[in-house]
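# Sequence and predicted structure below; questions after.
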2 protein chains.
Amino acid sequence: MKTDDKGKNNIDFSQGLQCPIPKSDYDRVLLAHGGGGTLSHQLISKMFFSHFDNELLNEQHDSAIFNIEKGRLAFTTDSYVVQPIFFPGGDIGELAVNGTVNDLTAAGAHPLYISVGFIIEEGFLIEELWQIVQSIKRTADRAGVKIVTGDTKVVDKGKGDKIFINTSGIGKIKEGISISPKRCKPGDKIIINGKIAEHGITIMSAREGLEFDSPVKSDTAPMNKLFEQIEKFGNDIHVMRDPTRGGIASALNEIAETAGVGIFIEEEKIPISGEVDAACEILGLDPLYIANEGKMLFIVSPEIADEVLSIIRNDALGKDAEIIGTVTDEDPGTVIMKTSIGSSRVVDMISGEQLPRIC
Amino acid sequence: MKTDDKGKNNIDFSQGLQCPIPKSDYDRVLLAHGGGGTLSHQLISKMFFSHFDNELLNEQHDSAIFNIEKGRLAFTTDSYVVQPIFFPGGDIGELAVNGTVNDLTAAGAHPLYISVGFIIEEGFLIEELWQIVQSIKRTADRAGVKIVTGDTKVVDKGKGDKIFINTSGIGKIKEGISISPKRCKPGDKIIINGKIAEHGITIMSAREGLEFDSPVKSDTAPMNKLFEQIEKFGNDIHVMRDPTRGGIASALNEIAETAGVGIFIEEEKIPISGEVDAACEILGLDPLYIANEGKMLFIVSPEIADEVLSIIRNDALGKDAEIIGTVTDEDPGTVIMKTSIGSSRVVDMISGEQLPRIC
């Protein structure tokens, strides 16, 4: 969705600014770029400080320092090891920023500050690193967050896989907001902002070399602006959850278990594109278990569900939103799905690894 | 120093609690342990939640949520890729907690909350992971910080190197504290809390199989309790810096450059053990450039220098503390050392990677 708006393919290096580290100097990352000496400083100042540029980062402390008002903060961390690092609809940098923004959003917080920790394999192309740095900056700007502190380590060739990125983030929770799986109540409605399984299927297709008539793209996108639009419902928003690894099945199972409620969903209501559905058939995968990176499950009081749905649908990131189910007091801890042929089945937590290194 | 107090060898698996994941289940980490399904949950709940146990983590949100008073916060991140992961005096887990605690301390902050992100190579021994988790917990308790949020990713065998750990941290800065390299003034005294180069030489010796009469051990230790004891001097503490990668030479060069001051140090005053000095000779390394993980450079007003020194020396982590130099208005941006034979030399920033994967 997001990539359609952007109309830009991240893999095209001809776009974007010129790499601030002249190719003639180094075209690949050396161990010394992570060693704390002159080359580290060159990489950090030319590529990171100059591009992420903001008043907190510019202090060049090991820590970012900022003022905060009394209140509640959310703090989260995620490492990204997705393979391939560039894929239709995004790249590891975009994923890393959106993922942490979305984790903060799922806590009911406004994301403020993000840290970026790179673990780079020796020999990684400087040009690709630069592409990722630009992507991080663009994504942070889109979400309205600042990259305020960072770290770069380089590991020997064969001891990593191009690049891993950790992002941690801090967000502020407004008064009146209380998001927790424990707040699920029977009767609550479950809303998703669009089509499922797009990120996971994009990555799997890229790895398997699958091609489709209309290309499948990762849905990676920041969810915070969507939340801002419904935040006024305050206490009536009970749970938010970004269904990443393990898909909506795992997310809903976790919620059902934590809250001690049943969850009933309707297959027919779950948005999915024809291409993704077809790809799932070919790959033998169940889309309920496939990672999303630009989706949020909103569990809200029944009284506000229709209005929330209509607000979400008005946003480009929510145009395919649907109410996909209801919280019940039957079968606590269990997710039941009414299938499109009218039968019911239990949607379990998966036990194994369906899709390794999807994010 | 620290390890002497503890009298415990982290490599000895017979110590500590029994691994909560029965060996009969899995004795190595599988890709599925990072897949977001049942095995991920088992790992996270049995090993991480049960051991790190605190009220914030126990909420089992993707984000930790906490209340904070109005004021200044510090936020920092670091990834740890040290090799070997177990070494005399510590392990990667202890290093990861102390490193982030020390970065926060160097900003003048009281470390409060730490996140832990694991990137584990498929096939890593569960028993070793458990050892590291215990070490993280023990180190966090020692420093008085809480592990409040985390993430686990598993990468395919041959695409990582056992385990990488990212820690990010949040700390609170009290009023009246203002730590910044820019606050360096000519006349300021430079104090270090003990012997240099121990961590780096330990790692290099472990890799090279060097042995010494009295064993060299990493100095990894949290510096926050040391800072708490001198915090009362407030505004007269100008700069703190933990001289990790690149050693005290790089740290002092960075400060001299940022502050636009000269720095004059005396070789004779710099504490170093005979073993480390000898190892540096054998390995052809300059101890000024070797990483420390339990040291802090304190740059303070000359009026308080002697009192600060005496307070630091009263702590087990500061018993070998010395005033090693002075900030000057000569040669701005340059570090000059008076050598033990009485001559002077410029201590440059190193350009290359002296010691890869030292932290």
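In hand now; what should we look at?
# can you pull out the strands in the stretch 201-350 of chain A?
A:237-241, A:262-266, A:297-300, A:322-328, A:335-338, A:344-346 (DSSP state E, counting those that start in this stretch).
# Using PDB, list the CA coordinates for the fifth one.
Listed next in PDB are the C-alpha coordinates belonging to strand A:335-338 (Å, rounded to 0.1, in the frame of the first residue of the first chain):
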ATOM      1  CA  VAL A 335      -9.200 -18.500  18.700                       C
ATOM      2  CA  ILE A 336     -12.000 -19.900  16.700                       C
ATOM      3  CA  MET A 337     -12.500 -19.100  13.000                       C
ATOM      4  CA  LYS A 338     -15.800 -19.500  11.000                       C
END
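# neighbouring strands for that strand, and are they parallel or not?
With DSSP bridges as the test, strand A:335-338 is paired with strand A:262-266 (parallel), strand A:344-346 (antiparallel).
# So what's the gap between it and the chain middle?
Relative to its parent chain, strand A:335-338 has a centroid offset of 25 Å by Cα atoms, centre = their mean, to the nearest Å.
# residues making contact with it?
Contact partners of strand A:335-338, identified using Cβ atoms under 8 Å, 6 or more residues apart in numbering or on different chains, comprise A:249, A:252-253, A:256, A:262-268, A:288, A:330, A:344-348. The way it works is simple: take the backbone N, C-alpha and C, and place the C-beta from them, glycine included.
# the inter-axis angle of the top strand by length along chain A versus strand B:109-121?
Ranked by residue count and defined by DSSP state E, the top strand of chain A is strand A:109-121. Orientation of strand A:109-121 against strand B:109-121 (axes from the mean of the first three to the mean of the last three Cα atoms, to 10 degrees) gives an angle of 50 degrees.
# Direction included, what does strand A:109-121 pair against?
Counting by DSSP bridges, strand A:109-121 is paired with strand A:146-155 (parallel), strand A:163-173 (antiparallel).
# Check which helices and strands the helix or strand following it is in contact with.
Sequence-wise, the next helix or strand downstream of strand A:109-121 (DSSP states H and E) is helix A:126-143. Here helix A:126-143 touches helix A:50-52, strand A:90-91, helix A:92-106, strand A:109-121, strand A:146-155, strand A:163-173, going by 3 or more Cβ pairs under 8 Å, 6 or more residues apart in numbering or on different chains; DSSP states H and E.
# tilt between helix A:126-143 and strand A:109-121?
Using the same axes, to 10 degrees: helix A:126-143 against strand A:109-121 is 180 degrees.
# Pull out the buried positions in helix A:126-143.
Buried residues in helix A:126-143, counted by 16 or more other Cβ atoms under 10 Å in any protein chain shown: A:126, A:128-140, A:142-143.
# ok, those vs B:Ser178, which is closest?
A:Ala140 (27.9 Å; Cβ to Cβ).
# my guess is the closest one contacts A:Ile147, does it?
Yes - the criterion here is Cβ atoms under 8 Å, and A:Ala140 meets it with A:Ile147 at 5.4 Å.
# Pull up the overlap in contacts between these two.
A:52, A:114.
# that older thread, got a ChimeraX select line for the buried ones in the contacts of strand A:335-338?
To isolate the buried members of those in ChimeraX, using 16+ other Cβ under 10 Å:
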select /A:249,252,253,256,262,263,264,265,266,267,288,347
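# With mean neighbour count as extra columns, can I get the helices and strands packed on helix A:126-143 in TSV?
Shown next, in TSV, are the helices and strands packed on helix A:126-143 (neighbours: other Cβ atoms under 10 Å in any protein chain shown):
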stretch	mean neighbour count
helix A:50-52	16
strand A:90-91	26
helix A:92-106	29
strand A:109-121	25
strand A:146-155	25
strand A:163-173	27
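# So which of those is nearest A:Ala64?
Of all those, it is strand A:146-155 that lies closest to A:Ala64, at 3.6 Å by Cβ to Cβ.
# Enumerate the positions of stretch A:293-306 that are buried.
So for stretch A:293-306, counting by 16+ other Cβ under 10 Å, buried means A:293-301, A:304-305.
# quick one: terminal-to-terminal distance for that stretch?
24 Å (Cα to Cα, to the nearest Å).
# Could you pull up the mean pLDDT of it?
Across stretch A:293-306, pLDDT averages out at 98.
# hmm, that stretch in reach of chain B?
No - using Cβ under 8 Å from any Cβ of the partner chain, stretch A:293-306 stays clear of chain B, coming no nearer than 11.9 Å.
# to the chain's geometric centre, what's the distance from that stretch?
Using Cα atoms, centre = their mean, the offset of stretch A:293-306 from its chain centre is 17 Å.
# Please apply the same query to stretch A:273-286.
On Cα atoms, centre = their mean, the centre of stretch A:273-286 falls 21 Å from that of its chain.
# and what of stretch A:98-107?
7 Å.
# For that stretch, give me every contacting residue.
Outside stretch A:98-107, the residues touching it (Cβ under 8 Å, 6+ apart) are A:74, A:76-78, A:80, A:110-111, A:114, A:139, A:143, A:145, A:167-171, A:173, A:179, A:220-224, A:226-227, A:240-242, A:244, A:293-294, A:296, A:359, B:61-63, B:65.
# what's the first-to-last distance across stretch A:31-38?
OK, stretch A:31-38 end separation, Cα to Cα: 12 Å.
# I'd like to know the average pLDDT value across that stretch.
82.
# ok, now stretch A:259-268?
According to the model, stretch A:259-268 has a mean pLDDT of 97.
# Closest to the centroid, which residue in chain A?
Closest to where the C-alpha atoms of chain A average out (Cα atoms, centre = their mean) is A:Gly99, at 2.9 Å.
# Distance of that one relative to B:Asp242?
Counting by Cβ to Cβ, to the nearest Å, the gap from A:Gly99 to B:Asp242 is 29 Å.
# And A:Gly158, by the same measure?
In terms of Cβ to Cβ, A:Gly158 sits 30 Å off from B:Asp242.
# Which one's more surrounded, those two?
Between A:Gly158 and B:Asp242, counted using other Cβ atoms under 10 Å in any protein chain shown, B:Asp242 has the larger neighbour count: 22 against 12.
# Roughly how far does the residue nearest to the more buried one when sequence neighbours are not counted sit from B:Glu228?
Closest residue in space to B:Asp242, ignoring its immediate chain neighbours: B:Asn102 at 4.2 Å, by Cβ to Cβ, 6 or more residues apart in numbering or on different chains. Using Cβ to Cβ, one gets 13 Å for the distance from B:Asn102 to B:Glu228.
# what are the bridge partners for A:Glu266, then?
A:Lys338.
# Contact partners for A:Leu44?
Residue A:44: Ile, not Leu. A:150, A:152 are the contacts of A:Ile44 under Cβ under 8 Å, 6+ apart.
# Tell me the secondary structure of A:Gly160, please.
Secondary structure, DSSP: H, G, I helix; E, B strand; the rest coil: A:Gly160 is coil.
# Excluding chain neighbours, what is closest to it?
Nearest residue to A:Gly160, sequence neighbours excluded (Cβ to Cβ, 6+ apart): A:Glu121, at 3.6 Å.
# Please report how far the residue in the stretch 101-250 of chain A that chain B sits nearest to lies from A:Thr167.
Scanning the stretch 101-250 of chain A for the residue nearest chain B gives A:Arg245, at 2.9 Å (criterion: Cβ to the nearest Cβ). Look at A:Arg245 and A:Thr167: by Cβ to Cβ, they are 15 Å apart.
# what does A:Asp306 give?
35 Å.
# How about A:His41?
Applying Cβ to Cβ to A:His41 and A:Thr167 gives a distance of 22 Å.
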